[in-house]
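Asker: fold the following and give me the result.
(2 chains)
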There are 2 protein chains.
Amino acid sequence: MLQISQRGQLMPASPIRKLVPYAEAAKQRGIKVYHLNIGQPDIETPKLVLDAVRNSNFKVLEYSHSAGNESYRKKLVGYYKTVGIDVTYDQIIITTGGSEAILFGFMACLDPGDEVIIPEPFYANYNGFVVAAGVTVVPVTSNIESGFALPAIAEFEKKITAKTKAIVICNPNNPTGYLYTEAEMLALKQLIIKHDLYLFSDEAYREFCYEGKQISAMHLTGVDDNVVLMDTISKRYSACGGRIGALVTKNKSLLDAVMKFAQARLSPPSFAQIAGEAAIDLPSNYFDTTKAEYKSRRDLIVKRLNSMDKVFCPNPGGAFYAMAKLPIDDADVFCQWLLEDFNYNDQTVMLAPATGFYGTEGLGKQEVRLAYVLNLDDINKAMDCLEKALQVYPGKK
Amino acid sequence: MLQISQRGQLMPASPIRKLVPYAEAAKQRGIKVYHLNIGQPDIETPKLVLDAVRNSNFKVLEYSHSAGNESYRKKLVGYYKTVGIDVTYDQIIITTGGSEAILFGFMACLDPGDEVIIPEPFYANYNGFVVAAGVTVVPVTSNIESGFALPAIAEFEKKITAKTKAIVICNPNNPTGYLYTEAEMLALKQLIIKHDLYLFSDEAYREFCYEGKQISAMHLTGVDDNVVLMDTISKRYSACGGRIGALVTKNKSLLDAVMKFAQARLSPPSFAQIAGEAAIDLPSNYFDTTKAEYKSRRDLIVKRLNSMDKVFCPNPGGAFYAMAKLPIDDADVFCQWLLEDFNYNDQTVMLAPATGFYGTEGLGKQEVRLAYVLNLDDINKAMDCLEKALQVYPGKK
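Answerer: Alright, predicted model coming up:
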């Protein structure tokens, strides 16, 4: 009989998208659903960025260089300089979204059976790329009480085996919003030196830091061959649909290997490379405005959450996510119930159960992730719904 | 020591792109290089297609549905109907180029150690996706004397083992231009039924058939679960840089599995989905014009090649490639020599050595692939160069 591959069977379904049918059904019943469940920013893509594509005048929509347009990579060198990252254009490979940067990094560095250590909770889609590469995730648990700070290095040491090839971090973090401190980054550096590990650093939310500045993995010295930056324009410029990211590393052998994967898929999307290149010309205060908006949303959502009975939400230092601990029995049941069985003045809220972000079975059952990608007014209304919901939820604790 | 993965080491470099540095050096010496080496059409992308993107007026470049915009998939149902393929919109998953359709198909159907049979010569990038999936290619040789007709089914039978999971065809074929006959397609159908195999069918060049009509794998009856169509807008509308393709199948379990891979990478590019959707509104005579242009080029290049001493070029029934057998010692050496050591009136031609398209070591050493993606005048000049080159090449046979 025709079979789906083992890999295809193991491949996890998106834990965030599984509630979508319930949201759609709620909307059909006339319920307004506030979407705090996905990281699709509502912030408008800068006009300059969209106009660059709309005003383009080429006649043939050609393949680009497999590593991306040289003009774009050369301008990115300037962008990276502004964030203290010193790279040359041939150390940058443009990818189809940050997703492909992750896939290429895993594929080129890891073999089936290898292990990667990831602090949990972590971005759920890492699971997908890990399955695609035949690799095993070994989670090290961070916890909500410490605001999801990096677990003690001793906890990593306990998990390191001969099969461990890499550590993956996301900084600032999705789903926790945690911004790693300089001391934590330096501790990670010592660890990867000691055990000869790759450090994959997903820095999609670099510009969105509200308490201090991001220490990039690329700022670490003496680990040029270890560090692989996985980047994307998706969140930075509200350009998720462009599907433009980058894999950046100073490791020459790795760049050569990644280029072979890049050549096999020919090239990243041409239209959105134009958008990405234009974005580098945005005025230097562009992020100030966006960041101020996200910060005010963060402040509001954290305040509203912590004012609810038995709810705890640590103050996230970056990105546009907050994790909250709720007085509930089961986040998956609760999030579905919000859509299926609850409304407050014909409104409800869609959240992401945290269970999907943990690698360890059973963790995150009282936690949810909230993406503050709605305006202040909508956040308030969403929080009103959540507050009422927690009062009447049958599985409250 | 930090290592590149086995997979990263095994990953083949692009055999087509390896000559690029020699072409660049030739250009720097003032030599005009006629590029017959890659399948980048010179035909303009239809204005209607580019204008759809340029006139778009959305404000946020959002993620699309992981399977692609529903509006696009629904219109594709209409497109497929015009080529005799009867599918519903939920049997179509929009991919990032045909490349991703191939990758998803392999990933969801095949496990490490599995074997796929591919008639050789074949599209070199299949090797990349095969390595990514940890799968082994088992080539079955077609030959230039028969114009690269499908090898006898007995030859396939000889190669089938317990590990064989699929057959991959490209129809019309890249690199040979061969268009499979109805009898050949029906023979393949019997084979996949008999051995319970997937049939992956790459139909990127569907519209470009000059001798009869394409029989799609999707036209075969009684093998709905076996057939996986891998499609792309790249060649069809000269839209290679859009990176929009599709995986189409009626196999529900496979669609479910592929969707999980699609969700992990979030969505295909948004700009080019607009282009792809607009392309379906092109007037029905659009392909007539493009096809007539390619046909006149094919007729010219085949005639010119066969008029050269000891050169044989079978007449390709489709796509925009021709394979020619040349009186030379080694196609790789010859193609490099054309760029490094030869010019005719300060002009030369860049070809793809056929060795990169064969899975069997040692085959294709006297063959080259020519992509007729230049206008008639340039093809004539390129053929002048080739003719002169064959007269003076030191390694002629």
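Asker: what about the helices in the stretch 1-150 of chain A?
Answerer: In the stretch 1-150 of chain A, helices defined by DSSP state H, counting those that start in this stretch lie at A:6-10, A:20-28, A:47-54, A:70-82, A:97-109, A:126-133, listed in chain order.
Asker: ignore the last one, the stretch 201-350 of chain A
Answerer: Counting by DSSP H, counting those that start in this stretch, one finds helices in the stretch 201-350 of chain A at the ranges A:252-264, A:270-279, A:286-306, A:331-340.
Asker: okay, the ones you listed in CSV with mean neighbour count, distance to residue A:176 and mean pLDDT next?
Answerer: The C-beta positions use only the backbone N, C-alpha and C, and glycine is treated the same way. Listed next are these as CSV, based on neighbours: other C-beta atoms under 10 Å in any protein chain shown; distance: least, C-beta to C-beta, whole Å; pLDDT from 0 to 100:
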stretch, mean neighbour count, distance to residue A:176, mean pLDDT
helix A:252-264, 22, 28, 97
helix A:270-279, 25, 27, 98
helix A:286-306, 17, 13, 96
helix A:331-340, 21, 15, 97
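Asker: still on that earlier bit, out of the helices of the stretch 1-150 of chain A, nearest to residue A:345?
Answerer: Ranking these by distance to residue A:345, with C-beta to C-beta as the measure, places helix A:20-28 first at 13.6 Å.
Asker: elements contacting that closest one?
Answerer: For helix A:20-28, the contact count by 3 or more C-beta pairs under 8 Å, 6 or more residues apart in numbering or on different chains; DSSP states H and E identifies strand A:32-35, helix A:331-340 as packing neighbours.
Asker: what's the closest of these to chain B?
Answerer: For the helices and strands packed on helix A:20-28, distance to chain B was read as C-beta to the nearest C-beta. The smallest value, 11.9 Å, belongs to strand A:32-35.
Asker: most tightly packed of the helices of the stretch 1-150 of chain A?
Answerer: Stretch with highest mean neighbour count among the helices of the stretch 1-150 of chain A: helix A:97-109 (a mean of 27; mean count of other C-beta atoms under 10 Å in any protein chain shown).
Asker: can you list the helices of the stretch 201-350 of chain A in CSV and add distance to residue A:164?
Answerer: Output for the helices of the stretch 201-350 of chain A, formatted as CSV (distance: least, C-beta to C-beta, whole Å):
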stretch, distance to residue A:164
helix A:252-264, 17
helix A:270-279, 34
helix A:286-306, 34
helix A:331-340, 30
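Asker: out of these, nearest to residue B:177?
Answerer: Taking C-beta to C-beta as the measure, those were each checked against residue B:177, and helix A:252-264 came out nearest at 22.1 Å.
Asker: ok and the residue in the stretch 51-200 of chain A nearest chain B?
Answerer: Relative to chain B, the nearest point of the stretch 51-200 of chain A is residue A:128 (2.7 Å; C-beta to the nearest C-beta).
Asker: show me the contacts for the residue sitting nearest the centre point of chain A.
Answerer: In chain A, the centroid-proximal residue (C-alpha atoms, centre = their mean) is residue A:174; its distance is 4.4 Å. Listed by C-beta atoms under 8 Å, 6 or more residues apart in numbering or on different chains, the contact set of residue A:174 reads A:39, A:123, A:202, A:204-205, A:319, A:321.
Asker: returning to what we had before: pipe the helices of the stretch 1-150 of chain A into JSON lines and attach mean pLDDT per row.
Answerer: Formatted as JSON lines, the entries for the helices of the stretch 1-150 of chain A read as follows, by pLDDT from 0 to 100:
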{"stretch": "helix A:6-10", "mean pLDDT": "95"}
{"stretch": "helix A:20-28", "mean pLDDT": "95"}
{"stretch": "helix A:47-54", "mean pLDDT": "98"}
{"stretch": "helix A:70-82", "mean pLDDT": "98"}
{"stretch": "helix A:97-109", "mean pLDDT": "98"}
{"stretch": "helix A:126-133", "mean pLDDT": "95"}
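Asker: what about these, which gets the closest to residue A:266?
Answerer: Taking C-beta to C-beta as the criterion, residue A:266 comes closest to helix A:97-109 out of the helices of the stretch 1-150 of chain A, the separation being 12.2 Å.
Asker: from the chain's centre, how far out does the closest one sit?
Answerer: Taking the mean of its C-alpha atoms, helix A:97-109 sits 14 Å from the chain's own mean (C-alpha atoms, centre = their mean, to the nearest Å).
Asker: so which elements touch that helix?
Answerer: For helix A:97-109, the helices and strands in contact under the criterion 3+ C-beta pairs under 8 Å, 6+ apart are strand A:92-95, helix A:126-133, strand A:198-202, strand A:227-232, strand A:245-248, helix A:252-264, helix B:6-10.
Asker: in TSV, list the ones you listed along with distance to residue A:152.
Answerer: Below are the helices and strands packed on helix A:97-109 laid out as TSV (distance: least, C-beta to C-beta, whole Å):
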stretch	distance to residue A:152
strand A:92-95	33
helix A:126-133	22
strand A:198-202	17
strand A:227-232	22
strand A:245-248	29
helix A:252-264	29
helix B:6-10	32
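Asker: can you tell which of these is closest to residue B:387?
Answerer: When the helices and strands packed on helix A:97-109 are compared by C-beta to C-beta, helix A:252-264 sits nearest residue B:387, at 31.4 Å.
Asker: the inter-axis angle of the closest one versus helix B:126-133?
Answerer: 120 degrees (axes from the mean of the first three to the mean of the last three C-alpha atoms, to 10 degrees).
Asker: relative to strand A:198-202, how tilted is helix A:252-264?
Answerer: Regarding helix A:252-264 and strand A:198-202, their directions subtend 50 degrees when assessed with the same axes, to 10 degrees.
Asker: contact partners of helix A:252-264?
Answerer: A:66-67, A:90-91, A:93, A:95, A:104-105, A:107-109, A:225, A:228, A:247, A:249, B:4-5, B:8-9, B:11-14, B:17, B:99, B:125, B:127-129, B:132.
Asker: what of stretch A:143-157?
Answerer: With C-beta under 8 Å, 6+ apart as the test, stretch A:143-157 has contacts from A:117, A:119, A:121, A:140-142, A:167, A:173, A:176-178, A:180-181, A:184, A:187-188, A:190-191, A:312, A:314-316, A:323, A:325, A:367.
Asker: could you give me the average pLDDT of that stretch?
Answerer: Averaging pLDDT along stretch A:143-157 gives 98.
Asker: need the residues of the stretch 101-250 of chain A near chain B, please.
Answerer: By C-beta under 8 Å from any C-beta of the partner chain, the part of the stretch 101-250 of chain A that sits against chain B consists of A:103, A:107-112, A:114, A:125, A:127-129, A:132, A:134, A:165, A:196-198, A:225-226, A:238-243.
Asker: so residue A:35 versus residue A:370, what's the distance?
Answerer: The spacing between residue A:35 and residue A:370, counted by C-beta to C-beta, to the nearest Å, is 10 Å.
Asker: can you tell me which of the contacts of stretch A:143-157 end up in strands?
Answerer: Among the contacts of stretch A:143-157, the ones falling in strands (DSSP state E) are A:117, A:119, A:140-141, A:167, A:323, A:325, A:367.
Asker: show me what contacts the residue of the stretch 51-200 of chain A closest to chain B?
Answerer: Taking C-beta under 8 Å, 6+ apart as the contact definition, residue A:128 lies against A:11-12, B:260-261, B:263-265.
Asker: and the two most separated of those residues?
Answerer: The largest separation in these, counting by C-beta to C-beta, is between A:12 and B:265 at 13.2 Å.
Asker: more neighbours, those two?
Answerer: When neighbours are counted by other C-beta atoms under 10 Å in any protein chain shown, residue B:265 comes out ahead of the other of residue A:12 and residue B:265, with 25 against 15.
Asker: ok, now how distant is the more buried one from chain A?
Answerer: 4 Å (C-beta to the nearest C-beta, to the nearest Å).
Asker: residues in contact with the residue nearest to that residue when sequence neighbours are not counted?
Answerer: Beyond its immediate neighbours in the sequence, the residue positioned closest to residue B:265 (C-beta to C-beta, 6 or more residues apart in numbering or on different chains) is residue A:99, lying 4.1 Å away. In this structure, residue A:99 makes contact with A:125, A:129, A:243, A:245, B:264-266, judged by C-beta under 8 Å, 6+ apart.
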